[in-house]
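A.B. asks: Sequence and computational prediction follow.
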Amino acid sequence: MASPRLIIDNLSCGRGERALFRGLSLILEAGEAARVLGDNGSGKTTLLRTLCGLHAPFDGDVQWQGSAPAAADEDEPILQDDLCFVGHDNALNGALTPIENLDVLMRLSGRRRSQKHIRETLTSLGLKPVANRACERLSAGQRRRVSLARLWLTDAPLWLLDEPASALDVDARAVLGARIAEHVGAGGLVLFTTHEPLTLPDLPVRAIELTAC
Ligand SMILES: Nc1ncnc2c1ncn2[C@@H]1O[C@H](COP(=O)(O)OP(=O)(O)OP(=O)(O)O)[C@@H](O)[C@H]1O
């Protein structure tokens, strides 16, 4: 099987009728990480959501594993099996525990993970004491860690991460940075945004600047 590759060709994106950026082209190969740069409101989240198929691009083309992402209004699952999207929001149900939330999120991405595996992952991220507590009763940083735990549970090659370090303390940011570097070192691809300091050890990171319309 060919190496995974994300191709973005002359992409223009926006919200509603309003275009935000134009002319974005990028080829992200296996073993590469790229950071999307731009001011608040420049369209970084819109870009990542478009790449997932949650919005249709205004113009241009996106290819992942040789095909365009599923359109948001199709009956098929929006998230493809071979990408992991961690959005700005944590996508957690406040009434469910971290274990229950991760069970659901992994199933939605086409994977099943045992409770034991999920519990061990949460423990490794310092979340053992809250693993059975409703997520609405967790701190902001704890909720972000729960959401990011998917990065230890998924085997998807492409990660799209929107502000993954938000609400994380220094130690958790270091753990996240090491996990991203490990994934890329193993041939994964990561496209991320961040306003927080995020160090990726020994990893060259390409910079992608959005050009405002
Ligand atoms: N649901 C929505 N409907 C209409 N416009 C939206 C919606 N969500 C965001 N926008 C607008 O789209 C623009 C781009 O938003 P986006 O979230 O992509 O920016 P961003 O670069 O990720 O910003 P930040 O750095 O603040 O996270 C903003 O002007 C925002 O007001």
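C.D. replies: Thanks, I have it.
A.B. asks: Tell me the spacing between the nearest residue to residue 4 once chain neighbours are set aside and residue 183.
C.D. replies: The shortest distance from residue 4 to any non-neighbouring residue, by C-beta to C-beta, 6 or more residues apart in numbering, is to residue 157 (4.5 Å). Backbone N, C-alpha and C define where each C-beta goes, glycine included. Separation of residue 157 from residue 183 (C-beta to C-beta, to the nearest Å): 9 Å.
A.B. asks: go on, residue 148?
C.D. replies: For residue 148, the distance to residue 183 - C-beta to C-beta - is 12 Å.
A.B. asks: With residue 4 instead?
C.D. replies: 12 Å.
A.B. asks: Just want to know which of those two has more residues nearby.
C.D. replies: The residue with more neighbours, out of residue 4 and residue 183, is residue 183; 23 against 20, by other C-beta atoms under 10 Å.
A.B. asks: That one: what secondary structure?
C.D. replies: Under DSSP: H, G, I helix; E, B strand; the rest coil, residue 183 falls in the helix class.
A.B. asks: Ok, residue 126 next?
C.D. replies: Secondary structure, three-state DSSP: residue 126 is coil.
A.B. asks: What lies in contact with the helix or strand harbouring residue 85?
C.D. replies: Counting by DSSP states H and E, the element that carries residue 85 is strand 83-86. Residues from elsewhere that reach strand 83-86 (C-beta atoms under 8 Å, 6 or more residues apart in numbering): 48, 52, 64, 79, 109, 147-148, 150-151, 154, 156-162, 164.
A.B. asks: again with stretch 132-149
C.D. replies: 86, 90-99, 101-102, 118, 121-122, 125-127, 130, 164, 166-169, 172, 176.
A.B. asks: what do you get for stretch 203-213?
C.D. replies: Contacts of stretch 203-213 (C-beta under 8 Å, 6+ apart): 12, 14, 19-24, 26, 28, 32-38, 42-44, 47, 180-181, 184-185, 191.
A.B. asks: Quick check: which of these are also close to the ligand?
C.D. replies: 20, 38, 42, 43, 44 (C-beta under 6 Å from any ligand atom).
A.B. asks: mind listing which of these are in helices?
C.D. replies: Among these, the members falling in helices (DSSP state H) are residue 44.
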